[in-house]
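**Student:** Take a look and give me a structure for this.
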Amino acid sequence: MKITDVIVTKFVHKTRKHQDSHGHSHPGPEKDATQAMLTVRADDGSEGYAFQSPDALRPGIVDKFFRPMLIGEDPMARERLWQRIEHQQRGSGGHLADRSIGAVDQALWDLAGRALGLPMHRLIGTYRNKILAYGSIMCGDELEGGLSTPEDYGRFAKTLVARGYKAIKLHTWMPPAKGAPNVKLDIAACAAVRDAVGPDIALMLDGYHWYSRSNALKIGKALEELDFLWFEEPMDETSMSSYRWLSQNLSIPVIGPESAPGKHHTRAEWIRNDASDIMRCGVLNAGGITPMIKVAHLAESHGLDCELHGNGAANLSLCMTVPNCTYYERGLLHPFLDYEVPALYLNTICDPMDEEGYVHAPDIPGIGDDINFDYIRDHQIP
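**Tutor:** Next up is the predicted model:
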C-alpha cells in the first residue's frame, strides 16, 4: 500500500460558537464558519480523514511539506512519517505547527483503522470500553442567564448533574470579559458550584493562564478547602519552575502542561522536574496521536496519571487505551448551547453519554468520526 495523494477540502458550515479577541468560545447568533478536512489517500482506495482549521492546512504547508514527504510512502509507517515531518518543523519558519503535524498523524491513524475495519483504540490496544466524562464548562461571559455570575455557574452545574455528569470542570472569566481576571470572582464561582452539587461530585478548575504565583496560590488554597480534584493552567506554562513551586505549596494536585509547546519532549522535562502532579496532554497539543501515546506511557512509567486535554474522536479513542487516565473532557458546555446536536458535517456526535455519566468506546472503523461526506461536498469552497 502506498500513499497517492494528500488533499485539503475547505467547506462552510453553520455554528453558534463565537471566539472573542483572546480566542475563547462563547455562544452567539448562528453564523457561517469555515472548516478544513485533510484526506490521505492510498492506492488501494483507502482514505483517512482529519478536521482542522484552514490556517493549519494552508496550501503552502500541504504542497511544501505533506505531499513531498507522504506520497509514495507506506501509510502504515506512521512513526517514520511522523518523525520525518516533525524534523522539518524547526526549519519551517513557524509555518509547520503542532496542529498541522497532528492533522496528518490523525489522518494516517484513521486510514489504518478504516483499511483494517477496526476502531483506532483497538489498533493501539484497548484498555477499557467506557470512561467517565466531566462536563467542561465554557469561560465566563456577560450574557444574562449565561455564565455571568457565580450563581449562574451553580445553576448550570445542577443541570449537568441532572444530566448524569459525575464530574465538572470550570473555566472562569478571562479577558476580554469585564473585570477579568478576578481572583475573588473565580473563588466565588467555585464555591457556588460546590454548594450547588454537594460533596460527591468531582470538581476541577481551569484557571486564567497568566495569574502570578501569589494569586495562583491564593486560588489553590481556596480549592483545597472546597475539595476540588485538580487545579489546571493558572500560570504561564513557559515557566516550568513556577508550576514546580506551586505543586510543592499546594496539597491539591496541579495538572499540566496543557498548551506548552514541545510535545513529549517538554512533558518529559516536566516529569523529570516534578513540575506537576498530573500530566496533561492532548492530540492537538502533542502534535498528533503518535506522540500523545509516548506521553501517556512516559507518565505511567513515573506513576503519574495522564489526563487528556480536549474533546473529539481522537482523544476519546485514546482515553480507551490509557490506563492512567480517569476522565474524558466533554465540552465545551454552556446553558445556551445543545452539545448533543452534531456539527452539520458529522452524522452523529462522537461522544454520546449515558445516564450514568459514561462515554463509550467508538465502534466504527478509524478514529471514530461519523462524517457526513455529502454535506461537505455540497458546501465545499475554493
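**Student:** Spatially, what comes nearest to residue 220 if we skip its sequence neighbours?
**Tutor:** residue 250 (4.3 Å; C-beta to C-beta, 6 or more residues apart in numbering). Where C-beta positions appear, they are placed from N, C-alpha and C, glycine not excepted.
**Student:** Pull the contacting residues for residue 164.
**Tutor:** 353, 354, 355, 356, 357 (C-beta atoms under 8 Å, 6 or more residues apart in numbering).
**Student:** Quick check on those residues: which are buried?
**Tutor:** 353, 357 (16 or more other C-beta atoms under 10 Å).
**Student:** Columns distance to residue 192 on top of the contacts of residue 164, output as a markdown table?
**Tutor:** Converted to a markdown table, the contacts of residue 164 look like this (distance: C-beta to C-beta, whole Å):
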| residue | distance to residue 192 |
| --- | --- |
| 353 | 24 |
| 354 | 27 |
| 355 | 25 |
| 356 | 25 |
| 357 | 21 |
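**Student:** with the contacts of residue 164 in mind, which one is nearest to residue 41?
**Tutor:** residue 353 (33.6 Å; C-beta to C-beta).
**Student:** that older thread, of all the contacts of residue 164, which comes closest to residue 193?
**Tutor:** For the contacts of residue 164, the nearest to residue 193 is residue 357 (16.3 Å; C-beta to C-beta).
**Student:** so who does that closest one touch?
**Tutor:** Going by C-beta under 8 Å, 6+ apart, the list of residues near residue 357 reads 132, 133, 164, 165, 166, 167.
**Student:** how about the helices of this protein, start to end?
**Tutor:** 59-61, 67-70, 78-86, 98-116, 120-124, 150-163, 183-197, 213-225, 240-249, 263-272, 283-286, 289-301, 313-319, 373-378 (DSSP state H).
**Student:** And the average pLDDT for the fifth one is what?
**Tutor:** Looking at helix 120-124 alone, the average pLDDT works out to 98.
**Student:** on contacts alone, who are the packing partners of that helix?
**Tutor:** Helix 120-124 sits against helix 98-116, helix 313-319, with contacts defined as 3 or more C-beta pairs under 8 Å, 6 or more residues apart in numbering; DSSP states H and E.
**Student:** highest average neighbour count across the ones you listed?
**Tutor:** helix 313-319 (a mean of 27; mean count of other C-beta atoms under 10 Å).
**Student:** taking the mean pLDDT, what do you get for that helix?
**Tutor:** 98.
**Student:** CA atoms only for that helix - export them in PDB, please.
**Tutor:** What follows is helix 313-319, C-alpha atoms only, in PDB (Å, rounded to 0.1, in the frame of the first residue of the first chain):
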ATOM      1  CA  ALA A 313     -13.000  11.400  18.500                       C
ATOM      2  CA  ALA A 314      -9.200  11.100  18.600                       C
ATOM      3  CA  ASN A 315      -8.900  12.000  22.300                       C
ATOM      4  CA  LEU A 316     -11.900   9.800  23.200                       C
ATOM      5  CA  SER A 317     -10.300   6.800  21.400                       C
ATOM      6  CA  LEU A 318      -7.000   7.400  23.200                       C
ATOM      7  CA  CYS A 319      -8.900   7.600  26.600                       C
END
